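In: Need coordinates for the following:
(chains A and B)
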Protein chains: 2
Amino acid sequence: MRERRYSSTSPEHLAAALFDVAAQAGLEGASVREVAKRAGVSIGAVQHHFSTKDEMFAFALRTLVDKLLTRLADVDQDGEPARGLFSALSQLLPLDEARSREAHVMAGFAVRAATSASLAEIRRTTLFTIRTKLSAVLIGMGVHEAETRAALLLAAVDGLALHALGSPGLYPPEYLEHALDIQIAMVLQGAEVVPTTSAIELAS
Amino acid sequence: MRERRYSSTSPEHLAAALFDVAAQAGLEGASVREVAKRAGVSIGAVQHHFSTKDEMFAFALRTLVDKLLTRLADVDQDGEPARGLFSALSQLLPLDEARSREAHVMAGFAVRAATSASLAEIRRTTLFTIRTKLSAVLIGMGVHEAETRAALLLAAVDGLALHALGSPGLYPPEYLEHALDIQIAMVLQGAEVVPTTSAIELAS
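Out: As a prediction, the model looks like this:
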């Protein structure tokens, strides 16, 4: 009987419930009790899957990160690089209701990573993965200081998302898109500083 | 007797206690009970000064913002503009223990502004104030798209601070300083796009 009751839920279902609670009330509202209530299961069912709140949070963060990384990877990179960067990074900006909810929950996890070793580890791996992918694109374009510029691209995007959280009026979607455009243009200006292979060939 | 007991504390003393608790455990740990304990006063003494937790948080955020804005304004702006921007914005980066604590608490307030009207109002005013001051410096230098570039400068700084929270190893102080240097250089490259008044005079 015990197993049967717990089989009515899954870690994924609980992670989705946690996301809903956190998107509405912040992570501080995502207690085991509230997550159980939102998921429509008992507190015991949550505890069956996650022995601590930190474990529940870590699973929910990994679920959110996986979703975002899949969306980032799905962006067509065959076209113009500046356009590919824009399409990928605009996935992380609060340009609609769904992405606003994601940005809110993700920023909450970022702050909580300061006091949670398990969340910090997931955040570190995620940041490193995204930075490395952005770097590869910039190196391919012959951009000077590619690694630092990749970090700045990601920092500007997450900073804009953070600023938009409580001030959507100051950061409407069209403004966020325009700002991302400008940041990408600034980062790619670095391509003019260091000549690409073809430019070297032309010069010799 | 009642007044006498409450006069043993002040809103500023409570805000300092809240900051200490939040810097260590995050804002979610800053309950009225914990703040009272840290301040060494009764729960009633906290409630005497702040009738709600939101009111206590708003006062603490305003205190932190005032402190940061005073430090930003104190930066000597008489020298080279790029250097002035660096000195001002590095106040917001977690380059030492004190600034790491401030960045942690400030990011917590930024996230909570998504669900608190009073915190959102303070954040909005603060962002607008800093963006306007940065804009004025960039306009003075003839930088193209000064307002958007000012917003991006601030976004990159707060994004770097957010990323450093759980990943100090990926973002050591010298790396953060180097990244800020590059972001400022990229933003100021815009000065070359639109000619300044003196450049127009030289050309005519």
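In: Show me chain A divided up by domain.
Out: Residue ranges for the domains of chain A, per automatic domain parsing: A:1-51, A:58-203.
In: Format those domains as TSV; extra columns: distance to chain B and mean pLDDT.
Out: Backbone N, C-alpha and C define where each C-beta goes, glycine included. Converted to TSV, those look like this (distance: least, CB to the nearest CB, whole Å; pLDDT from 0 to 100):
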stretch	distance to chain B	mean pLDDT
domain A:1-51	4	89
domain A:58-203	3	90
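In: got the contact list for the longest helix seen in chain A?
Out: Counting by DSSP state H, the longest helix found in chain A is helix A:117-140. For helix A:117-140, the external contacting residues (CB atoms under 8 Å, 6 or more residues apart in numbering or on different chains) are A:54-55, A:57-58, A:61-62, A:65, A:69, A:72, A:77, A:81, A:84-85, A:109-110, A:112-114, A:146-147, A:149-151, A:153-154, A:187-188, A:190, B:163, B:166-167, B:169-170.
In: Now with 7 Å, please.
Out: Defining contact as CB atoms under 7 Å, 6 or more residues apart in numbering or on different chains, one finds that helix A:117-140 is touched by A:54, A:57-58, A:61-62, A:65, A:69, A:81, A:85, A:109-110, A:112-113, A:146-147, A:149-151, A:153-154, A:187, B:163, B:166-167, B:170.
In: Stretch A:34-51 now?
Out: In contact with stretch A:34-51 (CB under 7 Å, 6+ apart) are residues A:5-6, A:8-9, A:11, A:13-14, A:17-18, A:20-21, A:32-33, A:56, A:59.
In: top of those by neighbour count?
Out: Highest neighbour count within the contacts of stretch A:34-51, by other CB atoms under 10 Å in any protein chain shown: residue A:18, with 29 neighbours.
In: ok, back up a step: sitting in helices, which of the contacts of stretch A:34-51 do you find?
Out: Short answer: the contacts of stretch A:34-51 in helices (DSSP H) are A:5-6, A:11, A:13-14, A:17-18, A:20-21, A:32-33, A:56, A:59.
In: Show the residue spans covered by the helices in chain A.
Out: Using DSSP H, the helices of chain A run over A:2-6, A:11-25, A:32-39, A:43-49, A:53-74, A:81-89, A:97-112, A:117-140, A:146-166, A:173-188, A:197-203.
In: any idea which of these is most buried?
Out: Most buried of the helices of chain A, by mean neighbour count (mean count of other CB atoms under 10 Å in any protein chain shown): helix A:146-166, with a mean of 25.
In: Pull the distance from stretch A:149-165 to the chain's centre.
Out: Remark: stretch A:149-165 is offset 10 Å from the chain centroid, using CA atoms, centre = their mean, to the nearest Å.
In: same thing with stretch A:12-32?
Out: Distance, stretch centre to chain centre, for stretch A:12-32: 17 Å (CA atoms, centre = their mean).
In: next one: stretch A:109-128
Out: Mean-position distance between stretch A:109-128 and its chain equals 12 Å (CA atoms, centre = their mean).
In: do the same with stretch A:34-42
Out: For stretch A:34-42, the distance to the chain centre is 25 Å (CA atoms, centre = their mean).
In: phi, psi of residue A:116?
Out: phi -130, psi 120 (degrees, to the nearest 10).
In: show me the contacts for it.
Out: Residues in contact with residue A:116 (CB under 7 Å, 6+ apart) are residue A:54.
In: swap in residue A:105?
Out: Residues near residue A:105 by CB under 7 Å, 6+ apart: A:19, A:22, A:23, A:64.
In: out of those residues, who's nearest residue A:98?
Out: Relative to residue A:98, the closest of the contacts of residue A:105 is residue A:23; by CB to CB it sits at 9.5 Å.
In: Make sure the closest one is actually in contact with residue A:106.
Out: No. When contacts are counted by CB atoms under 7 Å, residue A:23 is not listed as touching residue A:106 (10.2 Å).
In: Please identify every residue contacting each of the two.
Out: With contacts taken as CB under 7 Å, 6+ apart, residue A:23 and residue A:106 have no neighbour in common.
In: Against residue B:156, how distant is residue A:148?
Out: Residue A:148 is 11 Å from residue B:156, where distance means CB to CB, to the nearest Å.
In: if we can go back for a sec, can I get the domains of chain A in a markdown table including distance to residue B:92?
Out: A markdown table is the format used below for these (distance: least, CB to CB, whole Å):
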| stretch | distance to residue B:92 |
| --- | --- |
| domain A:1-51 | 23 |
| domain A:58-203 | 10 |
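In: What separation do you get for residue A:48 and residue A:10?
Out: Using CB to CB, residue A:48 is found at 11 Å from residue A:10.
In: Check residue A:106 too.
Out: 22 Å.
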